[in-house]
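# Coordinates for the following, if possible.
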Amino acid sequence: MLNAAEGLFDTINEELIRTADTVAETPMDFSGGGPWDLVVGIAGTAGTAIQTVAGLILGFFIALELVQMLIEKNNLADLDVMNIVIKWIIKSFIAILIVSNAFVIVGAIFTIGNEVITGAAIDATASIGDGLDLDAFHELLEDASLGDLVGLWFQLNIFSLIFPIVRIAIFIVIVGRFLEIFMYVVAAPIPLATMGNQEYRAMGNNYLKSLLSLAFQGLLMLIVVAVIGGMMVDVVNDFAVDTGGAGFWAILGYLVLMCFALFKTPAISKSIFGSH
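Take a look at the predicted model:
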């Protein structure tokens, strides 16, 4: 039973470390970079069609912007053609530059987000396995009654059955974030094409806000892992004085709380950046 308890804490510790490392990855580095290369390949295959659609949208909004700039001055009564043309050329050049470098902009956003996460100096990989006093726990097991040992054995086995479900839930929310990022990335030129018109650029602005919320959602996830990991350290430090198995249930509760908090991070991040 001593080896089972030690192995359980080691498994939880490894899961915390793996979770923190995965959250801190950029989309370009996720799972060795293979998914990102696949997304880039798909974007390249569909790139002609996407760029064509984005070009048509951009052309429409550039033309619309020129018309709006011409008629906004008292219905052509007070018209400064040279000033308007210069402004229109500058706006058009910036809009074309944004669309042609859409994937560069997306990659830069997530690189900046990763730098913030890496520089946060949060100890999200708190080692909880080292917190268990194995010698003290072994002495308490020797002095425990048969009923306590049987109860602890059952609780340990039940926890071992529940923990994989919790691990799957954590895996789903973390990998789900990267899948959402990849879906946003593929169609990047289309929403950014709306940046060429002041009246309709809200679509492009919201797209950029969504990318920022996804990038910094990793920081929120890392905070969740760090805080819950620190709470579990306190439980494990006191685990050796409790042979009733309460420590196992406390740790299970913290893991469930971690899952709940991780599932809440998308909504919180979108609320921070005002995306929808």
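# what element comes up after the helix or strand of the chain with the lowest mean pLDDT heading to the C-terminus?
The helix or strand of the chain with the poorest confidence is helix 134-143; it has a mean of 63 (mean pLDDT, DSSP states H and E). Next along the chain after helix 134-143, taking DSSP states H and E as the criterion, comes helix 146-186.
# tell me the average confidence for that following helix?
Helix 146-186 carries an average pLDDT of 79.
# Which elements pack onto that helix?
Under the contact criterion of 3 or more CB pairs under 8 Å, 6 or more residues apart in numbering; DSSP states H and E, helix 146-186 touches helix 2-23, helix 34-45, helix 102-118, helix 202-237, helix 246-273. For the C-beta atoms, the positions are set from N, CA and C on the backbone; glycine is no exception.
# Out of the ones you listed, which is the most enclosed?
With neighbours taken as mean count of other CB atoms under 10 Å, the helices and strands packed on helix 146-186 reach their highest mean count in helix 202-237, at a mean of 20.
# Just want the angle from that helix to helix 146-186.
Helix 202-237 runs at 160 degrees relative to helix 146-186, counting by axes from the mean of the first three to the mean of the last three CA atoms, to 10 degrees.
# still on that earlier bit, so which of the helices and strands packed on helix 146-186 gets nearest A169?
Closest approach to A169 among the helices and strands packed on helix 146-186 is made by helix 246-273 (4.5 Å; CB to CB).
# Can you name every helix or strand that that closest one contacts?
Counting contacts by 3+ CB pairs under 8 Å, 6+ apart, helix 246-273 packs against helix 2-23, helix 146-186, helix 202-237.
# Can you add distance to W249 and give these back as JSON lines?
Conversion of these to JSON lines gives the following (distance: least, CB to CB, whole Å):
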{"stretch": "helix 2-23", "distance to W249": "13"}
{"stretch": "helix 146-186", "distance to W249": "7"}
{"stretch": "helix 202-237", "distance to W249": "10"}
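# Relative to A63, which of the helices and strands packed on helix 146-186 is closest?
The nearest among the helices and strands packed on helix 146-186, by CB to CB, is helix 202-237 at 17.0 Å.
# Work out the gap between the closest one and the centre of the chain.
6 Å (CA atoms, centre = their mean, to the nearest Å).
# Quick check: nearest residue in space to C259, chain neighbours excluded?
A169 (4.5 Å; CB to CB, 6 or more residues apart in numbering).
# Nearest residue to the middle of the chain?
G218 (3.7 Å; CA atoms, centre = their mean).
# can you list contacts of stretch 36-55?
Residues outside stretch 36-55 that contact it (CB atoms under 8 Å, 6 or more residues apart in numbering) are 27-30, 99, 102-103, 182, 185-190, 192-193.
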